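# Need the 3D shape of this:
(one chain, ligands or ions: 2)
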Amino acid sequence: MTTPATAPAAAIHPSILNCDIAHLAEELARIEGADGVHVDVMDNHFVPNLSWGLPVVEAVVAHTSLPVDAHLMIEDPDRWGPAYAEAGCQIVTAHSEALVAPVRLARELHRLGAGAGIALRPSTPLEAVEDVLGEFDLLLIMTVEPGFGGQAFIESMLPKIERARRLVGRRGLELRIQVDGGISAGTIERAAQAGAEVFVAGSAVYGAQDALAAIEQLRALARAHAH
Ligand SMILES: O=C(CO)[C@@H](O)[C@H](O)COP(=O)(O)O
Ligand SMILES: [Fe+2]
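Numbers count the residues shown, from 1 in each chain. Ligands and ions are numbered 1, 2, ... in the order given. Now for the predicted structure:
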């Protein structure tokens, strides 16, 4: 995966959750120029919504030149996670609340050539993953309750992002902080200021007439407030 030394300071990963899935290839073409594609996998158990699984993720990998970032909102990610690495995802992120053996999964993803991410629901404290962060490449701090696109950014997540940024600095971790949920031109500056570096944006990109212009605007705003 992209190492923190070469990764952009403000990376925009559009979420395809609410794109026109019947025209997946065209929808992916609209965002060529982003830094990655964020694919939300939901199983209707870990979250009250069902999206798609491996076959669709494989189709995304086949139809984009961008790195694919899989966000697994599923039960038993220990079992299913490696298949997403084998499918060609650059990074596979599992929820801490569902993981049984996070270190084992991170090492298996690395062995398969993918990066490993660990995600926190809004109610899960940073302390829940502090001890294992050294094994991961990405910390995903959810800024909405996982399950749906188009929700409002939860402002009270900002101090959590700030604490995560300080922890990364203090420990010298090679870990990028990703935020996901309600990221728009109105919220991205505060998330960047708090210390996030990878920004997932669904409705702000796919809801725009010109998706690339929206990506560029978000990137410019994040860069201007980057740490
Ligand atoms: O993981 C999720 C939701 O669970 C996200 O990736 C959303 O799909 C992002 O959509 P917006 O909040 O940007 O519309
Ligand atoms: Fe997501």
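# Quick one: name the residues of the protein near ligand 2.
Neighbours of ligand 2 within the chain, by CB under 5 Å from the ion: 40, 71, 180. (Each C-beta comes from the backbone N, C-alpha and C, glycine too.)
# neighbours around the second one, how many?
Using other CB atoms under 10 Å, the number of residues around His71 comes to 29.
# for it, phi and psi?
With angles defined as degrees, to the nearest 10, His71 sits at phi -110, psi 100.
# Am I right that it is in contact with Leu140?
Yes - at 6.8 Å, His71 counts as touching Leu140 under the criterion of CB atoms under 8 Å.
# Just the pLDDT for the residue of the chain found nearest ligand 1.
Taking CB to the nearest ligand atom as the measure, the chain has Gly202 as its residue closest to ligand 1, at 2.7 Å. According to the prediction, Gly202 has pLDDT 98.
# how many neighbours does it have?
By the criterion of other CB under 10 Å, Gly202 has 25 neighbours.
# Show the low-confidence segments of this structure, by residue range.
Within the chain, the ranges that satisfy pLDDT under 70 run 1-6.
# Which parts of it are strands?
Ranges of strands within the chain are 11-14, 37-42, 68-73, 91-95, 115-120, 138-142, 176-180, 198-201, based on DSSP state E.
# Is it possible to get TSV of these that adds distance to Glu26?
Formatted as TSV, the strands of the chain follow (distance: least, CB to CB, whole Å):
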stretch	distance to Glu26
strand 11-14	14
strand 37-42	14
strand 68-73	17
strand 91-95	24
strand 115-120	28
strand 138-142	27
strand 176-180	24
strand 198-201	19
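# about what we covered before: now do the contacts for the residue of the chain closest to ligand 1.
Shown in contact with Gly202 (CB atoms under 8 Å, 6 or more residues apart in numbering): 14-18, 38, 149-150.
# Tell me which two in these are the farthest apart.
His38 and Gly150 (14.5 Å; CB to CB).
# Which one's more surrounded, these two?
A count of neighbours by other CB under 10 Å puts His38 above the other of His38 and Gly150, at 28 against 13.
# Which strand residues bridge the more buried one?
Ser15, Asp69 (DSSP bridges).
# residues touching it, list them.
Residues near His38 by CB under 8 Å, 6+ apart: 13-16, 69, 71, 180, 200, 202.
# For Asp210, state which of those residues is nearest.
Nearest member of the contacts of His38 to Asp210, counting by CB to CB, is Pro14, at 12.8 Å.
# Tyr206 is in contact with that closest one, correct?
Yes - using CB under 8 Å, Pro14 makes contact with Tyr206 at a distance of 6.8 Å.
# Count the residues that sit near the closest residue in space to Gly33 that isn't next to it in sequence.
Excluding its sequence neighbours, the residue lying closest to Gly33 (CB to CB, 6 or more residues apart in numbering) is Leu212, at 5.0 Å. Leu212: 14 surrounding residues under other CB under 10 Å.
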